[in-house]
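> what follows is a protein structure lacking sequence information:
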Ligand code: SF4
């Protein structure tokens with residue numbers, strides 16, 4: 001199976017990219033994160049995620065930075081906390097685009113790392129992802145990014161490669 005791995009950043013994806021690459025899985029990392037502000041922060045995270053892909057020899061794809069559209073979709077929800085409806089909309093926008101890209105480019109499925117941070121509600125991400133999968137007619141793969149030593153691997157890779165590790169999710173500094 002050839003699949004897309006939607007990634008938000010290097011720290012959340014490094015352990016999974018290394019593990020999947022070592023398993024010989026056929027996948028490409030997709031960076032579609034128009035939620036990240038400001039633009040120079042977006043560019044920094046994108047470059048760092050690309051660096052991780054180069055280390056583990058995995059294809060890296062960057063899509064458009066459509067922050068205007070993201071702002072339209074989340075208008076009026078700016079003051080809600082993380083894990084709120086704003087995050088469901090944000091996950092939905094990014095996953096929908098990932099499925100669209102997968103369909104148009106001959107991939108069989110989509111997976112993501114969007115729920116791997118301890119600040120995230122993994123069930124919320126999975127619910128949104130499966131709804132987008134049904135809409136697109138392609139499966140969503142729930143891959144393991146938290147248990148089975150993945151958090152320890154993440155920490156050791158961040159240290160080993162001195163990965164840039166941001167202090168907020170994307171749309172604004174956490175309160
Ligand atoms: S906190 Fe993160 S997931 Fe939630 S809306 Fe902002 S950028 Fe998106």
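Happy to help now that I have it. Keep in mind it's a predicted model, so treat the numbers as computed, not measured.
> pLDDT score assigned to residue 173?
In this model, residue 173 is scored at 52, pLDDT.
> pretty sure residue 3 is in a strand, no?
Yes - counting by DSSP: H, G, I helix; E, B strand; the rest coil, residue 3 falls inside a strand.
> distance check, the residue lying closest to it once chain neighbours are set aside against residue 24.
Computed as C-beta to C-beta, 6 or more residues apart in numbering, the closest residue to residue 3 that is not its neighbour in sequence is residue 109, at 4.2 Å. Just so you know, the C-beta spots here come from the backbone N, C-alpha and C atoms, and that holds for glycine as well. In this view, residue 109 and residue 24 are 16 Å apart by C-beta to C-beta, to the nearest Å.
> if you count surrounding residues, which of these two has more?
Taking residue 109 and residue 24 together and counting by other C-beta atoms under 10 Å, residue 109 has the greater number of neighbours (18 against 6).
> do you know the pLDDT at the more buried one?
The predicted local confidence for residue 109 comes out at a pLDDT of 98.
> dihedrals phi and psi, it?
Comment: the main-chain dihedrals of residue 109 come out as phi -160, psi 170, following degrees, to the nearest 10.
> what's the neighbour count on residue 136?
The local packing count at residue 136 equals 18, with neighbours defined by other C-beta under 10 Å.
> host element of the closest residue to it other than its chain neighbours?
Of all residues beyond its chain neighbours, the one nearest residue 136 is residue 99 (3.6 Å), with distances taken as C-beta to C-beta, 6+ apart. Using DSSP states H and E, residue 99 falls within helix 85-104.
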